[in-house]
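*Asks:* Here's a sequence, model it:
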Amino acid sequence: MNIVGRKEEMKELQRIYDSGSSEFVVVYGRRRVGKTYLIREFFHDDFVFYATGVARGNRTEQLAQFNSSLARYGDSEDQTAPENWFLAFGRLEKLVAKSRKQRKVIFLDELPWMDTPKSDFVKALEMFWNVWASARNDIVLIVCGSAASWMVGNVIRNRGGLHNRLTCKLKLNPFTLSETKEYLLSQKIKWDNLSIAECYMILGGIPYYLHLLDKSRSLAQNIDRLFFSESALLEDEFDNLYNSLFAKSEEYVRIVEALAKKKSGFSRDEIVARSGLSNGGGLTRKLDALEQCGFIRKYKAFGEVSYTFQLIDFFTLFYFQFVKGRNTVDSDTWQHLVATNSYKTWRGLAFEKLCFAHLPKIKSMLGISGVLTNTCSYYSSQAQVDMIIERADRAVTVCEMKCSDKPYALTKVEYEKIANRLSVLREYYRRKNIFFAMITSFGLVRNSYAINYVQNEIILDDLF
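*Replies:* Numbers count the residues shown, from 1 in each chain. Now for the predicted structure:
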């Protein structure tokens, strides 16, 4: 198998395959994250049946595509497309029953596209599993889809016939830094860790985007080629991404565009004020869908009761910062931008989000992997702290993140700012010990401030 990473997911798929019982597996995650590739590679395309939904297809087109898949896998009983999904799944039952395979793997891809309005697709799927497949012991039914909100609402949290019927759910996340490096090496791309990290801060560890990189070019040249050249491969990706995931995608875009304005995010009321959307159940569903797809996170800021919503998708953040509204075509745009202050500001903020995305690695380097923790941020007129790790061992670790091209020199002025933040936090954490950690690209210059005041030091290489 030519699969990078995904070790835990493959262990779970192997367990499912070897179980000796019928299994109902849901695989979900954002577009381009590699869901279909994982399933097809793991099972070597050895399915008794495989079908995929038609993007923006109507009911007739979906059934016609399903019918073509039935014929491809040996159903010669009827060459005409079934009139409805109940008949379609009935023919699937007959097809699968003829198979002599010990384990009969059925893969239905892009399930949300199959569920067109008033098609009764979900009801037919329920009947197929509950009445026929679950009564056997040799079926592995895998359903997959990029529209995570649909997958969660209609399959994972289904309150009808599929309620509590799943035997396994796999959410596929973007690659980590180490997986990204492994993938790039498999593509003969040999960059240093800082270049890989910067690539991650733009493309977000999405396998499809990484696949587009040209090994003969530098990172900056690749970014120009993907986003800013006349034939930029990702020129329309933002619109395609949101249109493929969400109905009425413009409303979701208004939310993320509002959140892109502030690095720490906004409260629900602030989102309403800035997006112009109504504050009702519809907004709740949209925020939940964006969270399920991995575009935003909700968290409780230091001392707050209500949630703050923060944009965390690297691709979306990069798009709003540098791509949206750019009308000129210049194949050297990014190579020019890397010398500007806007680039330095973006890189500093993106590095902070990179650290949050690799919190387990940070906890491991701090020696607190086995300690129950809560991670939050603190923003006030008195101080701003990007990462506070509250620990169950009566301690708190405050992290400061700095991205630079060489070892970072902690100066007197910078340390006084940090000391003020720690002083504010000590007023709140009076009965806990506070530790100060710095996360940098290449470590700290060993001056008196670094030696005397920094208790823990983590470098970029540690996140790999």
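
*Asks:* how near is residue 143 to residue 245?
*Replies:* 17 Å (Cβ to Cβ, to the nearest Å). Every C-beta, even on glycine, is put in place using the N, C-alpha and C of the backbone.

*Asks:* Could you do residue 102 as well?
*Replies:* Taken as Cβ to Cβ, the span from residue 102 to residue 245 is 37 Å.

*Asks:* Could you check the pLDDT of residue 77?
*Replies:* Residue 77 carries a pLDDT score of 68 in this model.

*Asks:* Just want to know which of residue 102 and residue 245 has more residues nearby.
*Replies:* A direct count of neighbours by other Cβ atoms under 10 Å for residue 102 and residue 245 places residue 245 higher, at 23 against 7.

*Asks:* Quick check: that one touching residue 113?
*Replies:* No: under the criterion of Cβ atoms under 8 Å, residue 245 makes no contact with residue 113, lying 11.3 Å away.

*Asks:* Which helix or strand lies directly C-terminal to the helix or strand bottoming out on mean pLDDT in the chain?
*Replies:* Between all helices and strands in the chain, the lowest mean by mean pLDDT, DSSP states H and E belongs to helix 148-151, at a mean of 82. Following helix 148-151 in sequence order, the next helix or strand is strand 168-171 (DSSP states H and E).

*Asks:* Tell me the buried residues in that next one?
*Replies:* Under the neighbour-count criterion of 16 or more other Cβ atoms under 10 Å, strand 168-171 has 168, 170, 171 buried.

*Asks:* Which elements pack onto the least confident helix or strand of the chain?
*Replies:* Helices and strands touching helix 148-151, by 3 or more Cβ pairs under 8 Å, 6 or more residues apart in numbering; DSSP states H and E, are strand 23-28, helix 111-114, helix 281-292.

*Asks:* go with 6 Å
*Replies:* Applying 3 or more Cβ pairs under 6 Å, 6 or more residues apart in numbering; DSSP states H and E, one finds that helix 148-151 contacts helix 281-292.

*Asks:* And the helix it packs on, what does it pack against?
*Replies:* So helix 281-292, by 3+ Cβ pairs under 6 Å, 6+ apart, packs with helix 148-151.

*Asks:* let's go with 8 Å and repeat that
*Replies:* Here helix 281-292 touches helix 148-151, helix 249-259, helix 268-275, strand 296-299, going by 3+ Cβ pairs under 8 Å, 6+ apart.

*Asks:* Okay, angle between that helix and helix 268-275 too, please.
*Replies:* 100 degrees (axes from the mean of the first three to the mean of the last three Cα atoms, to 10 degrees).

*Asks:* What's the mean pLDDT across helix 281-292?
*Replies:* On average, helix 281-292 scores 90.

*Asks:* If you count neighbours, what's buried in it?
*Replies:* For helix 281-292, a neighbour-count test (16+ other Cβ under 10 Å) marks 283, 286, 287, 288, 289, 290, 291, 292 as buried.

*Asks:* Out of those, flag the one nearest to residue 307.
*Replies:* residue 287 (9.0 Å; Cβ to Cβ).

*Asks:* close enough to count as contact, the closest one and residue 309?
*Replies:* Yes: with contacts counted by Cβ under 8 Å, residue 287 reaches residue 309, the gap being 6.2 Å.

*Asks:* List the buried residues for the strand or helix carrying residue 36?
*Replies:* Using DSSP H and E, residue 36 sits in helix 35-42. Applying a neighbour-count criterion of 16+ other Cβ under 10 Å, one finds 35, 36, 37, 38, 39, 42 buried in helix 35-42.

*Asks:* Repeat that for stretch 457-464.
*Replies:* Buried residues in stretch 457-464, counted by 16+ other Cβ under 10 Å: 458, 459, 460, 463, 464.

*Asks:* Residue 224 and residue 183, how far apart?
*Replies:* 21 Å.

*Asks:* er, residue 420 actually
*Replies:* Per Cβ to Cβ, residue 420 is found 42 Å from residue 183.

*Asks:* which of the two has more neighbours?
*Replies:* More crowded of residue 420 and residue 183, by other Cβ under 10 Å: residue 183, with 20 against 12.

*Asks:* before we move on, what SS does that one have?
*Replies:* Look at residue 183: counting by DSSP: H, G, I helix; E, B strand; the rest coil, its state is helix.

*Asks:* and the gap between it and residue 14?
*Replies:* If you go by Cβ to Cβ, the gap between residue 183 and residue 14 works out to 21 Å.

*Asks:* again, but for residue 280
*Replies:* Taking Cβ to Cβ as the criterion, residue 280 is separated from residue 14 by 44 Å.
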